[in-house]
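Colleague: 3D model of this:
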Amino acid sequence: MSNIKALVVGVSNYYIAGAVNLPFVKNDVIEVEEALYSGLKLDADDIITLGKKEDVKKEDFIRSILQISKLLNKDDYLIFYFSGHGVKIENQHYLVCSDDFISTQEIIKYFERVSAKGKIIFLDCCYSGNFSVDGTPVFSIEETVSDFVGRGYAVFSSSSSTQSSYRHPDKPISIFTSFLCSALKDRHIIRQGKVSLYDIQKLVRLYLEVWNKKNPDKQQHPIFRSNMGGTIYFEVKEYVPFCTTRIYEEYDKYIIYTVEPLHVGLTKRYAVKTIIKEPLSLEEIGKISLEITKKVKHAEVYNNEISKKRLSGKSANIIWIYFGRDESDIVKNNYICVTTWVDDSQDKKWWYRTDNKDTFILNGVHYKIFSYYESLRTYNKENTGSKDDVIFETKKILASVVSLAQKVIHFFNEYNNGVLTEEDFLKKMDNLIPEINKCVVDSQNLNIPPDEIRDWSHACTDLIGTIYDFTLYYNRKYISQRTPENRRACMEMTIKQYYLDLEKVRQLEEKL
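Modeller: All right, here's what the predicted structure looks like:
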């Protein structure tokens, strides 16, 4: 059994005056059930389904909600899907069972309280955009990113609060459900064996955008609202990461710490990070460089299967060898010098160019000296903070800037939903941009992280940088530099990167 549970409800038959039967809805239920099996890899025991026999009475509906609630644990995710009639009564939205109405907002409120960590609600019915979501997620310094990400609920409806939802003209199911099932099963949005809720809803939006252009008389604008931290990544495919060969060799005077592949096309290139175990002259470093070149020239180190197939068995064309004094130099990328070797297939005049100052050739070896090495080494030592202090100060900034990012995403969703105009969104950003900028400045004044948390710290810096990018597109200073379409596309791409960066921080945080 997975940690995802689903309640799938479709109402085809009605006994309420004015409510016509929807015989195709039973097909919606079957299609969604199959999409959850094949797309999100749920088991039969993970799904409770109502509606295959067309009738769904309110009593049965409520019983099934209570039943699914009892199956949920605090780390589980719940998916609720409804297809059938939806109506507005005194400006409130109701889902229509075979014999009665049930408040959509009450259903949302109920699921908000159940013990599952994250809840996803899909509504395929008329006027289904007539709902609200409470607040935006706030990231606390006391919690982990794992606690924050995926906590809360998201609601994705088939149409706005004023629009009908339609049956597909070429299929015996509804339009929204057809596109939703296609997105759930789409293999092209899977990355490293996972698919995100963000990509699913974005793909459905794209399908409906195309549909609306072709069918102006049957417009459906989906509404997405969420108070969920980050997004949810569903593991839908076994993923075996490509294992890069690690080369570490120790000799009397030096250590080959790592050999990093920098291959481009058919050019095989390596960066060799080397630790000098004792003070050496440039001539001695040159001799070591020639030794290492011979050792590494036939190395087989790759980042992916494509470059391995393309370059396996081929000698290296270019080798850069970086020399530092200790592991800390390697981690901080602070080097005494780098030597360059290229084979006869390369433009040696280009690669061996010199300025006779910091870049020169000595005894046939090409050097580039980093004159700032000692001062940077001293600076790093004097400005490296303690592990606990750097973690605390970084988390304090993350608590603020991630919460601000979630507000940006909330308002952008409302802009996409048609609730906010672009001018409305710009006004919201007028208030958020200075706060984000302050967090960015604060992050630049942090102490240098010690080596043991450097990867996590850099991931946090990348995340903060991505959140800063939110301030570039809907900023009055730069508004004339982009078209509305380009602004929207850039924001979409940055939101996706934000979720990826947040996920990376989450994974590295677990190793602290």
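
Colleague: Low-confidence stretches in the stretch 1-150 of the chain?
Modeller: Residue ranges of the stretch 1-150 of the chain with pLDDT under 70: 1-2.

Colleague: same check, this time on the chain
Modeller: 1-2.

Colleague: Could you point out the longest helix of it?
Modeller: Determined from DSSP state H, the single longest helix within the chain is helix 387-416.

Colleague: Which elements pack onto the helix or strand following that one?
Modeller: Downstream of helix 387-416, the first helix or strand assigned by DSSP states H and E is helix 422-444. Packing contacts for helix 422-444, counted by 3 or more Cβ pairs under 8 Å, 6 or more residues apart in numbering; DSSP states H and E, involve helix 387-416, helix 454-473. From N, CA and C alone the C-beta is placed, and that goes for glycine too.

Colleague: downstream neighbour of the shortest one in the secondary structure list?
Modeller: In the C-terminal direction, the helix or strand that comes right after helix 454-473 (DSSP H and E) is helix 484-509.

Colleague: what helices or strands is that following helix leaning on?
Modeller: Looks like helix 484-509 contacts helix 145-148, helix 197-214, helix 387-416, helix 454-473 (3+ Cβ pairs under 8 Å, 6+ apart).

Colleague: Next, the angle from the second one to helix 387-416.
Modeller: Spelled out, that is helix 197-214. For helix 197-214 against helix 387-416, the angle by axes from the mean of the first three to the mean of the last three Cα atoms, to 10 degrees is 20 degrees.

Colleague: residues in contact with the helix or strand where E260 lies?
Modeller: E260 is part of strand 254-261 when elements are defined by DSSP H and E. Contacts to strand 254-261, defined as Cβ atoms under 8 Å, 6 or more residues apart in numbering, come from residues 244, 246-250, 269-277, 288, 292, 295-296, 299, 301-303, 307, 327, 330.

Colleague: Name the next helix or strand downstream of it, please.
Modeller: Once the chain leaves strand 254-261, the next helix or strand it forms, by DSSP H and E, is strand 269-276.

Colleague: Neighbouring strands of that following strand in the sheet, and parallel or not?
Modeller: According to DSSP bridges, strand 269-276 has the following sheet partners: strand 254-261 (antiparallel), strand 318-324 (parallel).

Colleague: Can you say which of the ones you listed is packed in most?
Modeller: The highest mean neighbour count among the strands paired with strand 269-276, using mean count of other Cβ atoms under 10 Å, belongs to strand 318-324: a mean of 23.

Colleague: what's the distance between that strand and the middle of its chain?
Modeller: 34 Å (Cα atoms, centre = their mean, to the nearest Å).

Colleague: Dump the helix or strand that that strand is followed by to PDB, restricted to CA.
Modeller: Heading C-terminal from strand 318-324, the first helix or strand you meet, by DSSP H and E, is helix 327-332. The C-alpha coordinates for helix 327-332 follow below in PDB (Å, rounded to 0.1, in the frame of the first residue of the first chain):
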ATOM      1  CA  GLU A 327      40.300  19.100   1.600                       C
ATOM      2  CA  SER A 328      38.900  22.500   2.700                       C
ATOM      3  CA  ASP A 329      40.500  24.100  -0.400                       C
ATOM      4  CA  ILE A 330      38.800  21.500  -2.600                       C
ATOM      5  CA  VAL A 331      35.400  22.000  -1.000                       C
ATOM      6  CA  LYS A 332      35.700  25.800  -1.200                       C
END
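
Colleague: so how far is the helix or strand just after helix 327-332 from its chain's centroid?
Modeller: Once helix 327-332 ends, the next helix or strand along the chain (criterion: DSSP H and E) is strand 337-342. When distances are taken as Cα atoms, centre = their mean, strand 337-342 is centred 37 Å away from the chain's centroid.

Colleague: okay, the angle between strand 337-342 and strand 318-324?
Modeller: With the same axes, to 10 degrees defining the directions, strand 337-342 sits at 170 degrees from strand 318-324.

Colleague: Now find how far off-centre the helix or strand following strand 337-342 is within its chain.
Modeller: Heading C-terminal from strand 337-342, the first helix or strand you meet, by DSSP H and E, is helix 348-351. Relative to its parent chain, helix 348-351 has a centroid offset of 41 Å by Cα atoms, centre = their mean.

Colleague: And the contacts of helix 348-351?
Modeller: Residues outside helix 348-351 that contact it (Cβ under 8 Å, 6+ apart): 318, 340, 342, 366.

Colleague: Using PDB, list the CA coordinates for that helix.
Modeller: C-alpha atoms of helix 348-351 as PDB (Å, rounded to 0.1, in the frame of the first residue of the first chain):
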ATOM      1  CA  LYS A 348      46.600  24.500 -28.500                       C
ATOM      2  CA  LYS A 349      47.200  28.100 -29.400                       C
ATOM      3  CA  TRP A 350      43.900  28.900 -27.700                       C
ATOM      4  CA  TRP A 351      44.200  26.600 -24.700                       C
END
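
Colleague: what lines up beside the next helix or strand after it in the sheet?
Modeller: Downstream of helix 348-351, the first helix or strand assigned by DSSP H and E is strand 359-362. Partners of strand 359-362 in the sheet, by DSSP bridges, are strand 365-369 (antiparallel).

Colleague: Contacts for the strand it pairs with, please.
Modeller: Residues outside strand 365-369 that contact it (Cβ under 8 Å, 6+ apart): 282, 286, 289-290, 336-341, 351-352, 354, 358-361.

Colleague: buried set for it?
Modeller: By 16 or more other Cβ atoms under 10 Å, the buried positions in strand 365-369 come out as 365-368.

Colleague: likewise stretch 113-124?
Modeller: Within stretch 113-124, the residues that count as buried by 16+ other Cβ under 10 Å are 114, 116-124.

Colleague: so how far does it reach from one end to the other?
Modeller: 22 Å (Cα to Cα, to the nearest Å).

Colleague: let's have the chain start at 49 instead
Modeller: Okay, using 49 as the starting number, the last item reads as stretch 161-172.

Colleague: Give me the distance from it to the chain's centre.
Modeller: Distance, centroid of stretch 161-172 to centroid of chain: 20 Å (Cα atoms, centre = their mean).

Colleague: if we can go back for a sec, show only the entries of the buried residues of stretch 161-172 found in strands.
Modeller: Applying DSSP state E to the buried residues of stretch 161-172, the entries found in strands are 166-172.

Colleague: part of a helix, is F128?
Modeller: No: counting by DSSP: H, G, I helix; E, B strand; the rest coil, F128 falls outside a helix, being strand.

Colleague: Please verify my assumption that it contacts D172.
Modeller: No: F128 is beyond contact range of D172, at 11.6 Å (criterion: Cβ atoms under 8 Å).

Colleague: Any of the contacts of strand 302-309 buried? List them.
Modeller: When these are checked for burial by 16+ other Cβ under 10 Å, the buried set is 295, 317-324, 336, 340, 343-344, 347, 349-350, 355, 378.
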